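Trainee: Just need the structure, nothing else, for what follows:
(chains A and B)
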Amino acid sequence: MTHDVIVLGAGPAGANAALAAAEAGLKVVLFEQQPAAGGQVWRAPLPGLRMPSSPEKDSGDALRARLAASAVEIRFGRTVWSVGQHFRVDAVGPGGNEHAEAPRLIAATGAHERVVPFPGWTLPGVIGLAAATVLLKSHGALPGTRVVVAGCGPLLAVVAAGILKAGGTVAAIADLAGPGDWLKALPALASQPRLLMRGAAWALKIGGARIPVHFRHGVRAADGGEAIEQVRLAPVDAAGGFSAGPEITLAADALCVGHGLVPGAEIPRLFRTAQTFDRRRGGFIPRLDACGRTSLNGLYACGDGVGIRGALVAEAAGRLAGLASAHDAGALSADAFAAAAGQARARIAQARAFSDAMAEMMALRPAQVAAIPPETVVCRCEDVTRADIEAAHADGARDLNQLKQFTRCGMGPCQGRFCGDVAGELLAAKVGSREAVGAFTARPPLRPVPLADLMGAFDYADIPIPAPAPL
Amino acid sequence: MTQPDQRPTVTITVDGAALRAREGEMLTTALARHGLLRLRRSPNAGTPRGAFCHMGVCQECALHVDGAIRQACLTPVSAGMAVERRGVL
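Mentor: Below you'll find the model as predicted:
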């Protein structure tokens, strides 16, 4: 064993887990794919870029400072491609393949974007809403010169206001929700006054710039040849399906679109721990105890990767998982654990109403999936259309893994991360339930890695050749 | 508003043509600034594809950098870098 605990992911959850475990005296290693901590929500500007201050940047800077001052061994720029029994982690980094071993592992791998397919969603220039936040927060770049922002949830306002702040042009915002949906969420949002004020500032920015906001509208199609040229919006009903009414056509060289987030729960899934389907939390999530323990001894999970709850909850849940790992390792007494865990749980309880309301606005709307045209690609990697998926069902595919075998849906380089949720929903509409359809089986490699990176550089003389067996 | 970019300007090549970029900026950003949104074609239907998730998940921005397959959204620009959109144009 090289460490006491391995943490995967340095967002609000993973970083706080690593800090809590290290403060209790455990030897902690933290793996992160990006060059800095903060996750997607508090992503650091790239080196050499000076970005204006914002609450998200300040939260990220504070976290990065705490990590830098801690005893946590941090390995940035690492792509974790395998997690094995008794927790051996293999990752590819600047120096090639490397590994770490520990009796405990905390998975805080975050979420990825859900985009419910529409014609033209694979065109260059169409990107996710969370993708747009990366450009704005980290790369100091705009998604395009004239941008349509569409989808649902709080990221709409984050992205539109961010584009305006950076000097860009927003052609329009299309929100699947109506003003009434936001009003309904208002009491829950008001339970976090600081975040509500942040939302109000975004709304003012958007209103002040007189950006057209089309409530109860979705993207009918993105049109273009080699890249996006225009976006067509159409009215939707309360359930998210298209309703009668005129289309709105907008010239644009970028479309930022997102329909919520999907938990990246592949590590608990890899170990076949108990899971449950929770629509509001974004899909299949591992079953956890109150401190983030999965059903497998020594494996903990926290953050948006175990259900969409947002950064406020992720910080506390990460701390809780870190404390639990320290307590289970014998480094934290029962009393000290109970006191510290109680505080973290209280913070989660305080954030609950806000986090539930936001998650609800980002949850998958089945009527939106039902409105996907048959010829539209669902699995981007393998160009599998809705019609292909339904033909596979007619041929006998009854769960996601069978669908994969029939059509290659989910078999490409994103490993089903972008199609799994929607393909599952399409199949569930035929089979009866998401539980029956299940999730794609997780297997290593967790991410594609070039073979050359795994092998590294060596000479012929370095290859060990066993002595020949005596005759 | 973003402050003036202090990073040095360097030259990289894309499919053999020289292209100016900022050292340390993401390859996706450098290519987009020069109008290069299409980075590959999908292997089955041959439709144009570009960066989509910008966080290393979707693999749509995979191209060749100095001979190895890399995700452009995770690859910072360095001087002399040779980028190829090989076999996808």
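
Trainee: tell me which residues in the helix or strand of chain B with the lowest mean pLDDT are buried?
Mentor: Among the helical and strand segments of chain B, the one scoring lowest on mean pLDDT, DSSP states H and E is strand B:68-71, with a mean of 91. By neighbour count on 16 or more other C-beta atoms under 10 Å in any protein chain shown, the buried set for strand B:68-71 is B:69-71. The way it works is simple: take the backbone N, C-alpha and C, and place the C-beta from them, glycine included.

Trainee: which one of those sits closest to chain A?
Mentor: B:Ile69 (5.4 Å; C-beta to the nearest C-beta).

Trainee: okay but that closest one is in contact with A:Pro450, surely?
Mentor: Yes. With contact defined as C-beta atoms under 8 Å, B:Ile69 and A:Pro450 form a contacting pair (5.4 Å).

Trainee: that older thread, which ones among the buried residues of strand B:68-71 come in contact with chain A?
Mentor: Among the buried residues of strand B:68-71, the ones lying close to chain A by the criterion of C-beta under 8 Å from any C-beta of the partner chain are B:Ile69.

Trainee: Of all residues in chain A, which one is closest to chain B?
Mentor: Nearest residue of chain A to chain B (C-beta to the nearest C-beta) works out as A:Pro124 at 2.9 Å.

Trainee: isn't that residue right next to B:Arg40, touching?
Mentor: No. Counting by C-beta under 8 Å, no contact exists between A:Pro124 and B:Arg40, whose distance comes to 9.4 Å.

Trainee: Neighbour count: those two, which is higher?
Mentor: Under the criterion of other C-beta atoms under 10 Å in any protein chain shown, the comparison of A:Pro124 against B:Arg40 puts A:Pro124 first, with 25 against 21.

Trainee: ok now do the spatially most central residue of chain A, which residues does it touch?
Mentor: Note on chain A: the residue nearest the mean C-alpha position is A:Ala111, at 1.6 Å, using C-alpha atoms, centre = their mean. Shown in contact with A:Ala111 (C-beta atoms under 8 Å, 6 or more residues apart in numbering or on different chains): A:261-264, A:282, A:304-305, A:308.

Trainee: and these near chain B, which?
Mentor: Restricting those to those near chain B - C-beta under 8 Å from any C-beta - leaves A:Gly264.

Trainee: Quick one: which of the contacts of A:Ala111 is the most crowded by neighbours?
Mentor: Neighbour tally across those (other C-beta under 10 Å): the maximum, 33 neighbours, falls on A:Asp304.

Trainee: for that residue, what are its contacts?
Mentor: With the criterion set at C-beta under 8 Å, 6+ apart, A:Asp304 makes contact with A:11, A:13, A:110-111, A:261, A:263-264, A:282, A:310, A:314.

Trainee: in the sheet, who's paired with A:Ile106?
Mentor: When bridges are assigned using DSSP bridges, the partners listed for A:Ile106 are A:Val7, A:Tyr300.

Trainee: Next one: it relative to A:Ala21, how far apart?
Mentor: With distances taken as C-beta to C-beta, to the nearest Å, A:Ile106 is found 8 Å from A:Ala21.

Trainee: list residues touching both of these two?
Mentor: When contacts are counted by C-beta under 8 Å, 6+ apart, A:Ile106 and A:Ala21 have A:5, A:7, A:322, A:325 as shared neighbours.

Trainee: Cool, thanks, talk later.
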